[in-house]
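**Q** Task: produce atomic coordinates for the following.
(one chain, ligands or ions: 1)
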Amino acid sequence: MERTAPGPLAAAQAQVRKAVEALGAGEDLYELLRLPQRTVEVRIPVRMADGSVRVFTGYRAQHLSVLGPCKGGIRFHPGVSREEVQALSIWMTFKSALAGLPFGGGKGGVVVDPRPLREEELEQLSRGYIRALAPVLGPDRDIPAPDAGTGPRVMGWMLDEYERIAGGAAPGVITGKPLALGGSVGREAATGQGVAFAVREAARLLGMPLAGSRVAIQGFGNAGQFTARLLAREGARIVGISDSRGGIYHPGGLDVETAIRHKEETGSVVGLPGTEAIDQVELLQLECEVLVPAALEGAITAEVAQGVRAKVVAEAANGPTTPEGDQVLRDRGVFVIPDILCNAGGVTVSYFEWVQNRTGYPWSEAEVRARLEERMVRAFAQVAAAAQSRGTDTRTAAYVVALERIRAGLRARGLLGSPGAG
Ligand code: GLU
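**A** Residues are numbered from 1 along each chain as shown. A predicted model of the protein is given here:
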């Protein structure tokens with residue numbers, strides 16, 4: 001699907017501005033937050049299997065290290081750009097602050113379609129990315145993780161490369177690692193698990209039973225697959241799924257495991273026997289209780305939002321709704337679980353992984369799940385309470401809760417004046 005204007009950076013900045021205004025804060029707070037502290041661009045040469053050399057462009061944006069080291073994933077996707085990575089790093093700052101994690105926001109990316117690459121080429125690219133950026137990374141500086149187009153395998157190569165450069169073990173420099181290298185149990189499922197907890201809380205708040213409710217999932221990567229699986233386990237009916245090639249629909253409810261297998265075998269959910277083909281916009285506008293955008297930014301534009309028929313939009317992706325789309329959803333009374341709340345399960349379990357690495361003591365799966373649940377439930381309640389007391393929509397409420405914490409950190413460091421000071 002085409003990406004639509006305004007770009008993600010403009011969208012992130014508009015959301016920050018709105019929160020600054022809702023808090024009645026001054027222009028200096030917005031000025032501190034509208035762009036990352038540092039954006040690094042690198043060229044990564046890779047010797048391809050045919051002997052030729054290709055040079056890939058990579059980025060790492062470090063938005064704010066006021067509440068702790070920067071933290072956020074690395075994306076391998078042809079649509080990656082400097083502005084996209086910057087926007088994603090801003091969202092990470094707010095997400096971590098909202099989840100109460102001691103991190104600031106970071107995000108990285110490489111402009112590449114990883115799918116046609118051979119294993120050795122992908123490994124060289126992953127190692128080259130770390131070689132180029134190692135000086136600005138570190139367990140106390142900036143901690144990458146997976147994002148679209150990357151996963152545990154890429155994180156494993158990246159950790160190994162970083163440790164070769166550092167000359168010793170540094171498992172806390174990267175999260176979402178394979179279990180064999182100090183990854184956390186429950187990290188792969190974490191984003192979807194967090195989405196499922198958030199949807200459950202929203203359903204409770206709205207008095208809507210989750211069992212039997214209809215769910216449409218846009219995007220069937222890590223977040224989409226685990227969300228589908230876990231919501232189906234709660235008794236929800238997954239009536240539609242789409243990916244970059246198209247969508248499928250089955251009003252009675254799809255079997256998630258069969259859909260995952262079909263995607264693994266064919267590269268897409270399209271063509272799953274017993275389903276009807278639909279396009280991506282039709283998926284977003286299916287009649288359902290819960291719509292889960294779990295792909296890329298900018299999917300729900302104003303035009304798309306006009307046709308959204310879900311009661312709840314659970315943003316598993318980062319930035320799936322444009323500010324204009326957001327306004328339409330608000331006007332139409334759709335309950336939005338904003339991305340910085342909805343998909344915070346990933347970075348929350350990344351935090352758990354980092355803690356386990358630093359203490360050298362692994363947690364059990366039950367412990368990870370229980371602590372994730374506790375944090376998701378708490379963050380959801382804080383956002384719901386702020387929306388109610390301030391009379392704002394849930395997205396603005398989420399940003400305001402996060403911004404209050406960020407502002408307190410800036411003030412405590414003397415980077416921003418305190419009220420009444422001087
Ligand atoms: N890429 C994920 C996100 O956007 C996870 C980040 C992390 O675990 O650091 O939240």
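**Q** Quick check: closest non-adjacent residue to residue 118.
**A** Using CB to CB, 6 or more residues apart in numbering and skipping the chain neighbours, the partner closest in space to residue 118 is residue 49 (5.1 Å). Where you see a C-beta, it was placed from the backbone N, CA and C, and this is true even at glycine.
**Q** Residue 319 too?
**A** residue 297 (3.8 Å).
**Q** ok, how many other residues are close to that neighbour?
**A** 25 (other CB atoms under 10 Å).
**Q** Can you tell me the SS state at it?
**A** coil (DSSP: H, G, I helix; E, B strand; the rest coil).
**Q** Show the contacting residues for it.
**A** Shown in contact with residue 297 (CB atoms under 8 Å, 6 or more residues apart in numbering): 3, 8, 11, 84, 87, 317, 318, 319, 320.
**Q** name the element the residue lying closest to the second one once chain neighbours are set aside belongs to?
**A** For residue 8, the nearest residue in space outside its immediate sequence neighbours is residue 87; the separation is 3.6 Å by CB to CB, 6+ apart. For residue 87, the host element (DSSP states H and E) is helix 82-99.
**Q** quick one: average pLDDT of that helix?
**A** Per-residue pLDDT over helix 82-99 has a mean of 98.
**Q** picking up where we left off before, in TSV: the contacts of residue 297, plus distance to residue 97, neighbour count and secondary structure.
**A** Converted to TSV, the contacts of residue 297 look like this (distance: CB to CB, whole Å; neighbours: other CB atoms under 10 Å; DSSP: H, G, I helix; E, B strand; the rest coil):
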residue	distance to residue 97	neighbour count	secondary structure
3	27	15	coil
8	19	24	helix
11	18	23	helix
84	21	27	helix
87	16	27	helix
317	19	26	coil
318	15	28	coil
319	17	26	coil
320	20	27	coil
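**Q** tell me the secondary structure for the residue of the stretch 101-250 of the chain found nearest the ligand?
**A** With CB to the nearest ligand atom as the measure, residue 145 is the residue of the stretch 101-250 of the chain nearest to the ligand, at 3.3 Å. What three-state DSSP gives for residue 145 is strand.
**Q** does stretch 12-28 come close to the ligand?
**A** No - judged by CB under 6 Å from any ligand atom, stretch 12-28 makes no contact with the ligand; its nearest approach is 12.8 Å.
**Q** Also stretch 212-223?
**A** No - contact of stretch 212-223 with the ligand (CB under 6 Å from any ligand atom) is absent, the minimum separation being 8.5 Å.
**Q** List the buried residues for the lengthiest helix in the chain?
**A** Secondary structure of the chain per DSSP state H: the longest helix is helix 365-390. Residues 368-369, 371-373, 375-376, 379-380, 382-384, 386-387 are the ones in helix 365-390 that count as buried (16 or more other CB atoms under 10 Å).
**Q** what would those look like in JSON lines with pLDDT?
**A** Listed next are the buried residues of helix 365-390 as JSON lines, based on pLDDT from 0 to 100:
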{"residue": "368", "pLDDT": "98"}
{"residue": "369", "pLDDT": "98"}
{"residue": "371", "pLDDT": "98"}
{"residue": "372", "pLDDT": "98"}
{"residue": "373", "pLDDT": "98"}
{"residue": "375", "pLDDT": "98"}
{"residue": "376", "pLDDT": "98"}
{"residue": "379", "pLDDT": "98"}
{"residue": "380", "pLDDT": "98"}
{"residue": "382", "pLDDT": "98"}
{"residue": "383", "pLDDT": "98"}
{"residue": "384", "pLDDT": "98"}
{"residue": "386", "pLDDT": "98"}
{"residue": "387", "pLDDT": "98"}
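**Q** quick one, phi/psi of the residue nearest to residue 319?
**A** phi -70, psi 160 (degrees, to the nearest 10).
**Q** Quick check: the gap between it and residue 227.
**A** According to CB to CB, to the nearest Å, residue 297 and residue 227 sit 18 Å apart.
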